[in-house]
Every structure is written in C-alpha cells, then in structure tokens.
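Novice: sequence? don't have it. structure:
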C-alpha cells in the first residue's frame, strides 16, 4: 500500500467529533486487520502535537515567540487589557495571542496573579469563539490560582463556566455558576451577572425566578443595560405565559429609536422576539411575517458580534433567524422562498466572518432562481442542502425546474453520520461501502438524479466535510455515474460559471516548503515537480525557495497554482487558517486566509491545494466554508481542487497526472476529476475511497485548459 503523507494537524476535523486518541487507536486496529502500513513515528508525533495544540504549555511558548517579534513590548497586564479589548471586538485569535504573551510573562516571573488573569482572558476569548471545552479549561485553571483581586479574576471565570453550561443546555449548572460569579462580582459587574442568571433561570423553566432576579436590578443599572434588560425580561414574561406583556416590551426595543448598527441589531432581536410571541400564540402567518422582517434587518447589519450578548447571557445567533423563517416557509410549501432564505443565510454568514477585515467579492451577492437556471446546461443540476436541527431540506434545480424534499434527519444525526463515513474512509475500513450507502440513502431519498451527468453540490453545515463522490447508491459510487463539483452557494457558483475561460500555458508550483513546524514532505516535492512537467511553461519552488513572499509576489503571474504543503485550520477564526511556506528565524512563513484576500488572483484560473485540511474551514450552523477556498475564490481564482483529508503519495501522483492529462485533451475540470478518480479506483491497491476520493472540485467545473498543458 502507498505510504500516507504525514502532515501536521491532519485530523483537526476528527478532533471536533471524537478526539485524536480514538482516531489513533482506530487507525492501529484497522491496519492490523487489513495489513496496511503502520502509523509512522512522524504521524504519531503529529497526533501528539495536535492533542497539545491549545494547552497552556503550547500557548505560553507561542506567546514567547510572538513577544520576541513585537517591536514595542508591553508588560503582562497591558497584554491582558489588549486581550479583553480584542475579544470584545470579535478578534478572537488576536485576543488569544495577546493573552498568550501575558501567560508567558506570568510564567517567566512566576506571577500567579498575572497567570490567572491571562487564563481568564483565554477563557473569555474561547467562550466568545464558541470553543466551549477550551473556555471551560482555562476558566477552571484561573480558579486554581491565587489572584490578587477575586473580583477581576474569579467572578469572570465563574461567569464563563455559567456561559459554557448555558450554551450546552445545562441550565441548572449555569445558574449555580452564575451565583458563584455573583458572590465574587464587583458592583459594576453584578448587573451583567444578574441578567445572565435571569436568562439561565428562564431557560431552565423557572421564569418567576428570572423575573425576581431582574427585579434586583436598580433603575440605573437596568437603564445602562437598556435593550438587553428589556429583552431578558420579555423572554421571562413569555416563558411565564404572559405573551401580551412580552410583546409590549419587545415592541419598545423595536421602536426605541437607537441609531446606527446598534439600533438595527436591537431591532432585529426585538422583531425576532415578536415572532416567538406569535409562534406561542400559534399565529404562523404573523410569525412568518416577523421573521421575514428580521431577515431584512439582518441584510442591513454589517457585523454580527456584540460582546454584550455574552456579558448578558443572551447568546443571539443570527443564523437561527434564517432557519426559523426557512422552516415557516416550508410549512406553507413555499420551497422557492425557503431556497432564497438559505442563500441569504450563506451571504449573511460570510459577512459575519469577514466583517471589516477583508473585502470579499461575493459578499452580499445573490442569484434569482431564473438566473441560476439559465446558467445550467442540459444534464446539469444543482443539489442544494440546508441542515436544520430537526430535518434537512434539499433542492434539485435544473435548467427547467425545481423540486424540493424534506429529509427527516436533523443536524446532530447528520453530523454523526458524516463523522462515521469520514472515520471509515480515513481508517480504510472494510465497511466503507456500507456506511457510504447508508449516507447516500440519508441524503438522496426522494432526489431523482436520473439523467443528470453533472451535479453541482451546495453543502451546508456538517456536509461541508463530506466527500459526495464517495457516496454509494447500492450499485456503485456516485462518482461512477456523475461528475461532481462543490459550490459555497448557488450565487457564488453562478458567478464562477460566468467567468471568462481563456486558455493559458503557465503553472506556478510550491512543494515541501522548509519549515521547522512540521515533518518534511518529500512526496509533495515530487508531486509538484511531476505536475510541472505537464506544462509548457512552469516555475517550481521547493524547500527553502518555497517562501510566502515569493507566493505573494508571483501568484498572479500564472494561470495554474499548485501548492503541496502543510496547512492548518484555525477553529477559533477561519480567517487565520494558514498554509505553511518556508520559514526563517525572522519569518515564520505563515500565509493566512486573511492575507489571500489581499492578493490579486484575477489571472489565476485553477488553484490546486494538495495540503492537509485545505478544503476545510470552520463550519457553523448556516455556514459556508470560510477558509482557504473562499479566500482564493474571492481573490479571483475561478476553480479550486482541495483535499478533505491527508492524501497518500503514490495514489495522489497518479490522480494528478491523470487529471492534468485529461484536461490537456480537452476535458473540463469537473469531468477530468471524475475520470482521474475512476482511474485511481481501478488500481486494486487504491480501490478504497481513502486513496481516490480526497479531492473536491470547488467552483467552475467547466474550466478547461486545453491549450494550457501538453500531454506527456
């Protein structure tokens, strides 16, 4: 069997679902059972590094490295202040970096007070970012140290534990943690904890207790919190069976005249509250009207994050607004309106992720159903998903019509099924075909793909992690009868199809960048050199020559970019996901997704990312992948080939050679990938989907480079 290419952080996706220890054990069992090559020492080291990736030791070491690069160095407490400010601005990764510097200084000086405050800040940043296990870990670590001022350290730490419990649905635990926070809180902090306590009591089914807690607030404190206080009280009244009183309060927030984005933000959530009141009254038409109004307000909102939501324990999620409106539309059998809402939610999620940190060329872009249909050719279809808590919606769109199906599987069950299939593939199990068949039945029940030779899949939620080509319909794998490409959204896909397709003859390749962060990649180096031989004109940089600066200055000078390197997904903030280019003592060589937005790639037609996790980004509810793929497309690239798991050298070499040779013969990207995957599958050693199914085509599947390469 081919040897697996070892790459740092290669199973980040698995850590989210099951943990790396289980993964390593599963790999070992699978290899003993099937005779596959054993896990190498380098891969075991990579797994160990991943387990420790966000521990105090690693964060302190990262803080030391960051501190050494600071031109102006602050003291530890100043870095704590910066960490809090950055977290409240929504800059979670930058907040963690500042707190890491403070942590390093605290460790260096053996200063428990500084260490406690740094870990408090880490707990807050991870909580805001939605990484609850990490938030809990650092909050408890804070409480284990002796701090000079309990009000500054312990009260926020207990509150983070309450926030974590509330977001996990453990409301009684949340109430207990908030009460501990309240006991240690300063007079200034107490109102925020009281409101959080009230919200937890409401969610725990004790609205009378919630109202009693809110009554403890003085008029001045209630006024300072303003709309958050009124929303909290309205929620408690609604839960107490007083919809009229709740409606009156929500209407006050919706009409109180706040200016700017804050006004829009509070009106959005007040209108959402009105929708919930109407749902409680079982007035579905009025509820739908309210939720559609919230969608309009969301379109006007240029940023989602408000730290006050966390400070008051309200935890608003704009995506739930779209999901509820979509569900109500489905109840009326208006599937076209539901599809439009699904598209709008993807656009909203993109704006929330990039905010004012980057200019995304697709932000705010929409496509109508007739426009999308006109972009499709014969025997082409779009299969679009939207995953809700209790069900999944799927639309089949062709040039002549739309059909829609409601599948009974909700988000949790679907995520578990995706995890099961991915685990089976990566561990190269014998049950993969059976698991793939069960997944196919779960996702395509009632979806008629007969006659559709080319399918553009628009995934949602956990489906971003799914290799659709490896689904099995009982007769064979989906790729055996359908060429596939993936779109972040229908609007993005339609725009990419419309981009000009002018042949070119150049490739720029980067392979095996020399970095001290990971093991070498000799197979990646061979890969990019072999691919370059298929092009009439090429420039290839490997090892020390494969630098971030060279990529930035020359990326737009070739029509095809091929990058075979380590990559790391940032779960805290996908804008900080990065490709690891050659490092030096003064330059770590990290090309982050946010950097790519600033590179002009309008001359680039195809980007191949033969890098671990390159196709993955943070997947939240209602999310598109916001990571490498989206940044490359926004910067101007027309299509991307990206891997969904760590690839094997020999099978990847075979696949890439077949892919480019078929494109040289005149086939487009989508069909060439189909033929390349089938070619690899024919080899008995590579018949398992682990070897032939890791790569997705993302974007314009019609892309051709018939004049760009010469078959050899």
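Specialist: Thanks, I have the structure now. Not measured: the values here are computed from a predicted model. Numbering: from 1, shown residues only.

Novice: pretty sure residue 421 is touching residue 437, no?
Specialist: No: under the criterion of C-beta atoms under 8 Å, residue 421 is not in contact with residue 437, lying 10.0 Å apart. Placement of C-beta: from N, CA and C, glycine included.

Novice: Between those two, point out the one with more neighbours.
Specialist: The neighbour comparison of residue 421 against residue 437 (other C-beta atoms under 10 Å) goes to residue 421, with 24 against 16.

Novice: where do the strands sit along this structure?
Specialist: With DSSP state E as the definition, the chain shows strands at residue ranges 380-387, 392-398, 401-407, 454-458, 483-486, 506-513, 537-543, 560-564, 567-568, 578-580, 590-592, 606-609, 639-643, 695-699.

Novice: rank those by mean pLDDT and give me the bottom one.
Specialist: Taking the average pLDDT of each of these, the minimum falls on strand 567-568, with a mean of 80.

Novice: Tell me the strands beside that strand, with direction?
Specialist: Within its sheet, strand 567-568 is paired with strand 578-580 (antiparallel), according to DSSP bridges.

Novice: what ranges of the stretch 601-712 of the chain fall below the confidence cut-off?
Specialist: By pLDDT under 70, the low-scoring segments of the stretch 601-712 of the chain are 611-627, 706-712.

Novice: Okay, helices next: where are they in the stretch 251-400 of the chain?
Specialist: Under the criterion DSSP state H, counting those that start in this stretch, helices of the stretch 251-400 of the chain are mapped to 260-280, 284-300, 307-311, 318-331, 335-354, 369-375.

Novice: I'd like to know which of the ones you listed is closest to residue 670.
Specialist: Proximity to residue 670, assessed across the helices of the stretch 251-400 of the chain by C-beta to C-beta, is greatest for helix 369-375 (14.3 Å).

Novice: Give me the buried positions along that closest one.
Specialist: Of the residues in helix 369-375, those scored as buried under the neighbour-count criterion (16 or more other C-beta atoms under 10 Å) are 369, 372-373, 375.

Novice: Need those residues in TSV (columns: pLDDT and distance to residue 143).
Specialist: Rendered in TSV, the data for the buried residues of helix 369-375 read as follows (pLDDT from 0 to 100; distance: C-beta to C-beta, whole Å):
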residue	pLDDT	distance to residue 143
369	96	54
372	97	53
373	97	58
375	96	57
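
Novice: hmm, which two among the residues you listed are most spread apart?
Specialist: Farthest pair in these (C-beta to C-beta) is 369 and 375. Separation: 11.0 Å.

Novice: returning to what we had before: can you tell me which of the buried residues of helix 369-375 is nearest residue 242?
Specialist: Comparing the buried residues of helix 369-375 against residue 242 with C-beta to C-beta picks out residue 369 as the nearest, at 42.0 Å.

Novice: Can you report how many residues lie near the closest residue to that closest one other than its chain neighbours?
Specialist: In space, not counting the residues next to it along the chain, residue 369 is nearest to residue 336; the distance is 6.0 Å by C-beta to C-beta, 6 or more residues apart in numbering. Close neighbours of residue 336, defined as other C-beta under 10 Å, add up to 14.

Novice: picking up where we left off before, out of the strands of the chain, the one nearest residue 681 is which?
Specialist: Distance to residue 681, taken as C-beta to C-beta, is lowest for strand 695-699 among the strands of the chain, at 12.8 Å.

Novice: for the stretch 301-450 of the chain, which spans come out with low pLDDT?
Specialist: Within the stretch 301-450 of the chain, the ranges that satisfy pLDDT under 70 run 304, 356.

Novice: Make JSON lines out of the strands of the chain and add mean neighbour count.
Specialist: Converted to JSON lines, the strands of the chain look like this (neighbours: other C-beta atoms under 10 Å):
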{"stretch": "strand 380-387", "mean neighbour count": "23"}
{"stretch": "strand 392-398", "mean neighbour count": "21"}
{"stretch": "strand 401-407", "mean neighbour count": "15"}
{"stretch": "strand 454-458", "mean neighbour count": "24"}
{"stretch": "strand 483-486", "mean neighbour count": "25"}
{"stretch": "strand 506-513", "mean neighbour count": "26"}
{"stretch": "strand 537-543", "mean neighbour count": "18"}
{"stretch": "strand 560-564", "mean neighbour count": "27"}
{"stretch": "strand 567-568", "mean neighbour count": "26"}
{"stretch": "strand 578-580", "mean neighbour count": "24"}
{"stretch": "strand 590-592", "mean neighbour count": "21"}
{"stretch": "strand 606-609", "mean neighbour count": "26"}
{"stretch": "strand 639-643", "mean neighbour count": "26"}
{"stretch": "strand 695-699", "mean neighbour count": "27"}
